[in-house]
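> Mind folding the following:
(one chain, ligands or ions: 1)
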Amino acid sequence: MKKEDKNPIMENLISLSKRRGFIFQGSEVYGGLAGTWDYGPLGVTLKNNIKKAWWKRFVDDREDMYGMDAAILMNQNVWKASGHVGGFADPLVEDKKTKKRYRADHLLEEVGVDPKGMTLDMMSQALKDKKIKSPEGNELSDVRQFNMMFKTHVGATEDESAISYLRPETAQGMFVNFKNVMDTFHPRLPFGMAQIGKAFRNEIAPRDFIFRTREFEQMEIEYFVDPRNETEVNATIDALYAEQLAFLSDIGLDSKRIHKIEIAPADRAHYSKRSIDTEFDFPFGQKELLGLAYRTDYDLKAHTEASGTDLSYFDEESKARFIPHCIEPTFGLDRLVLAVLSQAYTEDELGGEKRVYLKLSPRIAPVKVAIFPLLKNKEALTDKARELYKVLRTEIGAVEYDEAGSIGKRYRRQDEIGTPFCVTIDFETIEKDGNPVTVRDRDTGGQEKIPLKDLVSYLSQKLSS
Ligand code: ATP
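Below you'll find the predicted structure:
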């Protein structure tokens, strides 16, 4: 574990994630690979539930959005035209003795200096003024830029023409398919393209668990608008920002932990005319969760010029031809998983005992309901519980059956993975009129007797509220 992960909440969260099968260290049996994490059975389900909620809100429920899944490897000219080969870089310093590299902006932030808007020279000077040494206590070099793209070769030869990159963002896969979507679906402006997929950045300082990794997933939208009506463009930016917030509420994030940050012109990406970051109160501080950038016609224009393919739009009404402008809401999926897990992690006392539970929204909880027979050696109970398990798997989905250990222990196990409801089949269920089952609520620990015939509608209503 890294120094910066020594935050008690983060330590508990990382340990719970591993213990309960959410997230494991990448390549763990070989000692790991820095900046990579593997999602286990519960982690991938949680992540998929967030993806599904996103796809539903931004693609399925809208008439103006086109889903995509572009290849990760792309022609190297895509990255030349987009500006990534020349400029996708972080400011770095090198420990003169160990040759290890560190993010200059992070070192400055650690001593309370805000590096926003600083040039490389200004950062070098600030490091000198503050007499900052490397974490090992050695002298540091001047600040330099370092390209963050992973380079590879496609095919058998390793010459210049075979160079390709693992994409550092999913966005470009959509810009280069703009014409394909136009030609096949003939959408009218405004319309958007949406994609979920892996992105790779050779981050020099991966840190804070899944917050900053070298391989991560993005959910991005490129929304194309008519640039001639500035009022409409601004209204669309506001509407897309509001949708970003609405999505965060869909997955249960607390609005009090969410902060809107308008990025100053000097700190925006080179392609952006306006940027709004959404920051979240993580256990290690308020940090970027999502972004929104007004990319103007930067990308379509750059690809038109570099590829020679016309990526303009013809407006039938005004008979005008122009390159649409693009507004990009972007979401880091792993950061959303971390936000959700860190907000959900709760310690309290129940029945005089300490407990740890994940207060996940039922919508994204990896297991919705757990079914227990009171005793595992009474066939009448286990048969009934298994029968109910089958029904609920069809009706509710994501249901777990557990007969191991005391009921108390089973509750605790489900609490730790964030299961909203546990249902126990006991002797009353098989002997009494109405076949009552005991439904136990994760958050309050409260229990209710519900007639078996009403269980599906009771749970469906609770899970969707
Ligand atoms: P940061 O300033 O934190 O490096 P960024 O501004 O470079 O992030 P963008 O290029 O806007 O990030 O990428 C869009 C989204 O992708 C971010 O809002 C974030 O959620 C996610 N993201 C970016 N880099 C990483 C990373 N290394 N690990 C995990 N998620 C990331």
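> Go through the residues of this structure and report the one nearest to the ligand.
Ranked by Cβ to the nearest ligand atom, the top residue of the chain for proximity to the ligand is residue 332, at 2.0 Å. Just so you know, the C-beta spots here come from the backbone N, C-alpha and C atoms, and that holds for glycine as well.
> who's that residue bridged to?
residue 218 (DSSP bridges).
> these two touch, right, it and residue 216?
Yes. Counting by Cβ atoms under 8 Å, residue 332 touches residue 216, with 6.3 Å between them.
> neighbouring strands for the host helix or strand of residue 423, and are they parallel or not?
Per DSSP states H and E, residue 423 falls inside strand 421-425. Sheet pairing of strand 421-425 (DSSP bridges) gives strand 369-373 (parallel), strand 436-441 (antiparallel).
> Can you point out the buried residues in the last one?
When burial is assessed from 16 or more other Cβ atoms under 10 Å, strand 436-441 yields the following buried residues: 436, 437, 438, 439, 440.
> right, and the fourth one touches residue 450 too?
Yes. The pair residue 439 / residue 450 is scored as a contact, 5.2 Å apart, by Cβ under 8 Å.
> Please state the offset of the longest helix along the chain from the chain centre?
For the chain, the helix that runs over the most residues, judged by DSSP state H, is helix 230-250. How far helix 230-250 lies from its chain's middle: 19 Å, per Cα atoms, centre = their mean, to the nearest Å.
> For that helix, name the packing helices and strands.
Contact here means 3 or more Cβ pairs under 8 Å, 6 or more residues apart in numbering; DSSP states H and E; on that basis helix 230-250 packs against helix 41-55, strand 215-225, strand 258-262, strand 275-282, strand 285-296, strand 325-332.
> Next, format the ones you listed as a markdown table and append mean neighbour count.
Output for the helices and strands packed on helix 230-250, formatted as a markdown table (neighbours: other Cβ atoms under 10 Å):
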| stretch | mean neighbour count |
| --- | --- |
| helix 41-55 | 19 |
| strand 215-225 | 23 |
| strand 258-262 | 14 |
| strand 275-282 | 20 |
| strand 285-296 | 20 |
| strand 325-332 | 23 |
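> For these, give me JSON lines that also has distance to residue 184 and mean pLDDT.
Shown next, in JSON lines, are these (distance: least, Cβ to Cβ, whole Å; pLDDT from 0 to 100):
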{"stretch": "helix 41-55", "distance to residue 184": "20", "mean pLDDT": "98"}
{"stretch": "strand 215-225", "distance to residue 184": "15", "mean pLDDT": "98"}
{"stretch": "strand 258-262", "distance to residue 184": "36", "mean pLDDT": "97"}
{"stretch": "strand 275-282", "distance to residue 184": "31", "mean pLDDT": "98"}
{"stretch": "strand 285-296", "distance to residue 184": "23", "mean pLDDT": "97"}
{"stretch": "strand 325-332", "distance to residue 184": "19", "mean pLDDT": "98"}
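> and residue 336, what does it touch?
50, 251, 289 (Cβ atoms under 8 Å, 6 or more residues apart in numbering).
> cool, and residue 121?
So residue 121 contacts residue 143 (Cβ under 8 Å, 6+ apart).
> Give me the three-state assignment for it.
helix (DSSP: H, G, I helix; E, B strand; the rest coil).
> Please, which helix or strand holds residue 179?
Judged by DSSP H and E, residue 179 forms part of helix 178-185.
> in the following helix or strand past that helix, what's buried?
Toward the C-terminus, helix 178-185 is succeeded by strand 191-200 as the next helix or strand (DSSP H and E). If you call a residue buried by 16+ other Cβ under 10 Å, then strand 191-200 has these buried ones: 191, 192, 193, 194, 195, 196, 197, 199, 200.
> pLDDT of stretch 371-391, averaged?
Taken as a whole, stretch 371-391 carries a mean pLDDT of 95.
> Over to stretch 453-461?
95.
> Name the residues of it that come out as buried.
Applying 16+ other Cβ under 10 Å to stretch 453-461 flags 455, 458, 459 as buried.
> Just the C-alphas of that stretch, formatted as PDB.
Listed in PDB are the C-alpha atoms of stretch 453-461, where the atom choice follows Å, rounded to 0.1, in the frame of the first residue of the first chain:
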ATOM      1  CA  LYS A 453     -47.600 -14.100  -1.700                       C
ATOM      2  CA  ASP A 454     -46.900 -10.300  -1.200                       C
ATOM      3  CA  LEU A 455     -43.100 -10.700  -1.100                       C
ATOM      4  CA  VAL A 456     -42.300  -9.900  -4.700                       C
ATOM      5  CA  SER A 457     -44.400  -6.800  -4.900                       C
ATOM      6  CA  TYR A 458     -43.100  -5.700  -1.400                       C
ATOM      7  CA  LEU A 459     -39.500  -6.000  -2.400                       C
ATOM      8  CA  SER A 460     -40.000  -4.600  -5.900                       C
ATOM      9  CA  GLN A 461     -41.500  -1.500  -4.400                       C
END
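> Noted, bye for now.
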